[in-house]
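Novice: Need coordinates for the below:
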Amino acid sequence: MKIGITGGGSAGHVVPALAVAARLPAHGAQELVFFGRSGSIEHEYAEKAGIPFSAVPSAGLKRYRSWGNLLMPFTVLRGIGAAVVAMRRERPDALFSKGSYVSVPVGIAAWLCRVPIVVHESDHSLGLANKIVARMAARVCLSVAAPADTPRWISRKSTVTGLPLRHDLAAGNPERLRRKLGIPVGKPVLLIFCGSSGSQRVNAAVQSQLALLRGHFSILHVRGKGNLDPALQNVPGYWQVEYLHDEMADALWLADLVIGRAGATTLAELEALDKRAVLVPLPAAVSRGDQLDNADAFERRHPEQCMVVPDSESLKGGGELAEACLKLAAGLGRATQERPDPEAVYRAADRIAQETIAAARIRRARRT
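Specialist: Below you'll find the model as predicted:
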């Protein structure tokens with residue numbers, strides 16, 4: 001049995017997709033293939049995971065005025081054609097789609113080729129890409145129960161599975177990363193990461209308050225690709241990296257406090273490890289506003305462990321960000337952290353893998 005996987009554009013889509021991919025063989029998949037953009041984050045991650053990759057062009061709708069939006073439909077049409085060719089070549093028995101614009105041409109091609117689709121949504125409501133692909137899907141997996149105003153056509157085919165966590169989360173080894181980077185024991189560790197591309201605004205805010213923050217924390221700053229600052233390379237108490245792949249689970253375990261975005265995947269990992277966090281959600285001007293909702297809900301659930309700082313003009317200078325860090329660090333201890341139950345880490349990915357395999361088996365039964 002062969003299962004196709006698609007989704008990308010950001011680690012928030014790719015990491016959960018690979019978490020499901022890691023569990024598919026245990027439920028009957030003999031082969032996997034990842035459909036995505038050439039040279040993209042999904043391409044890089046799939047190769048690191050040892051999953052064969054099939055390139056399909058795609059383009060997303062920019063939520064601001066851009067000439068690129070005029071060309072986007074033509075790229076999507078070209079992507080659908082390429083995806084149909086790839087689908088006929090690879091012949092998967094089912095497609096698991098994690099969402100984002102990357103999944104749209106692949107999902108349409110799967111539907112045209114009569115390949116059953118299983119969609120997963122991380123947030124409280126379906127994103128635009130998932131709304132499109134879900135209409136063609138056999139099953140829609142949700143991280144949380146659908147709101148009351150969810151259309152009946154979604155409710156009829158949906159099931160709550162939870163959000164798949166990175167498969168290596170329970171096996172994180174903080175001391176391994178501490179030794180590799182040379183981070184001394186003593187001060188609490190502040191981890192800063194804002195996705196695979198980083199955030200120039202957050203990076204600048206942290207840099208403005210670096211002297212103050214270094215007085216209270218050992219700082220591990222994941223700045224994003226191409227964002228390293230040579231002037232900060234040997235600053236005591238500060239370690240900068242472009243991105244973390246296999247070591248991300250170690251970094252999450254090592255951190256006492258996190259500054260990050262409010263993507264559903266990030267929040268699920270922080271919650272699983274019971275981490276304190278300063279959240280800087282993406283503003284509605286450059287997103288559909290899901291991170292604002294995510295951050296608000298997370299802060300209400302964990303009022304003593306979370307503070308939200310808007311990504312607005314108030315972020316300049318970093319004063320509000322630093323103040324939030326110091327408030328959350330007050331009384332921060334170095335208590336022994338309990339490891340999450342591996343079964344709990346795998347549970348959502350297992351459920352989604354089961355749904356995908358079930359869809360593939362139904363298709364096979366119909367063809368025989």
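Novice: for Arg23, helix, strand, or coil?
Specialist: State at Arg23, reduced to three classes by DSSP: H, G, I helix; E, B strand; the rest coil: helix.
Novice: what's the answer for Cys141, then?
Specialist: Assigned with three-state DSSP, Cys141 falls in the strand class.
Novice: ok, it - how many residues close by?
Specialist: 27 (other Cβ atoms under 10 Å). C-betas here are computed from N, CA, C, even on glycine.
Novice: Distance of it relative to Ile117?
Specialist: Note on Cys141: its distance to Ile117, by Cβ to Cβ, to the nearest Å, is 11 Å.
Novice: So which residues of this structure form helices?
Specialist: Counting by DSSP state H, one finds helices in the chain at the ranges 11-23, 41-48, 68-90, 103-112, 128-134, 152-155, 174-181, 200-208, 210-214, 248-254, 264-272, 290-301, 319-329, 342-367.
Novice: who wins for proximity to Gln240 among the ones you listed?
Specialist: Between Gln240 and these, the shortest separation by Cβ to Cβ is 9.2 Å, and it involves helix 200-208.
Novice: In the closest one, which residues are buried?
Specialist: Applying a neighbour-count criterion of 16 or more other Cβ atoms under 10 Å, the buried positions in helix 200-208 are Arg201, Val202, Asn203, Ala205, Val206, Gln207, Ser208.
Novice: got the angle for it vs helix 319-329?
Specialist: Using axes from the mean of the first three to the mean of the last three Cα atoms, to 10 degrees, one finds that helix 200-208 and helix 319-329 are set 70 degrees apart in direction.
Novice: Restrict helix 200-208 to CA atoms and write it as PDB.
Specialist: The C-alpha coordinates for helix 200-208 follow below in PDB (Å, rounded to 0.1, in the frame of the first residue of the first chain):
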ATOM      1  CA  GLN A 200      12.700  40.200  11.500                       C
ATOM      2  CA  ARG A 201      10.600  42.200  14.000                       C
ATOM      3  CA  VAL A 202      11.000  39.800  16.800                       C
ATOM      4  CA  ASN A 203      14.700  39.400  16.100                       C
ATOM      5  CA  ALA A 204      15.200  43.200  16.200                       C
ATOM      6  CA  ALA A 205      13.100  43.500  19.400                       C
ATOM      7  CA  VAL A 206      15.200  40.800  21.200                       C
ATOM      8  CA  GLN A 207      18.400  42.400  19.900                       C
ATOM      9  CA  SER A 208      17.400  45.700  21.300                       C
END
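Novice: what sits up against it?
Specialist: Residues from elsewhere that reach helix 200-208 (Cβ atoms under 8 Å, 6 or more residues apart in numbering): 192, 194, 213, 219, 221, 223-224, 227, 229, 232, 259, 280, 311, 315-318, 321.
Novice: Quick one, which of the residues you listed are buried?
Specialist: Members of the contacts of helix 200-208 classed as buried by 16+ other Cβ under 10 Å are 192, 194, 213, 219, 221, 223-224, 227, 259, 280, 311, 315, 318, 321.
Novice: want to try TSV for the helices of the chain, with distance to Met307 and mean pLDDT as columns?
Specialist: Formatted as TSV, these follow (distance: least, Cβ to Cβ, whole Å; pLDDT from 0 to 100):
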stretch	distance to Met307	mean pLDDT
helix 11-23	21	93
helix 41-48	29	94
helix 68-90	35	84
helix 103-112	33	96
helix 128-134	30	93
helix 152-155	34	89
helix 174-181	23	96
helix 200-208	14	93
helix 210-214	15	96
helix 248-254	19	95
helix 264-272	13	92
helix 290-301	7	92
helix 319-329	4	95
helix 342-367	26	90
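Novice: These: which one's closest to Pro236?
Specialist: Proximity to Pro236, assessed across those by Cβ to Cβ, is greatest for helix 210-214 (7.3 Å).
Novice: what sits up against the closest one?
Specialist: Surrounding helix 210-214, the residues in contact under the criterion Cβ under 8 Å, 6+ apart are Leu190, Val206, Ile219, Leu232, Val235, Pro236, Gly237, Tyr238, Ala322, Cys325.
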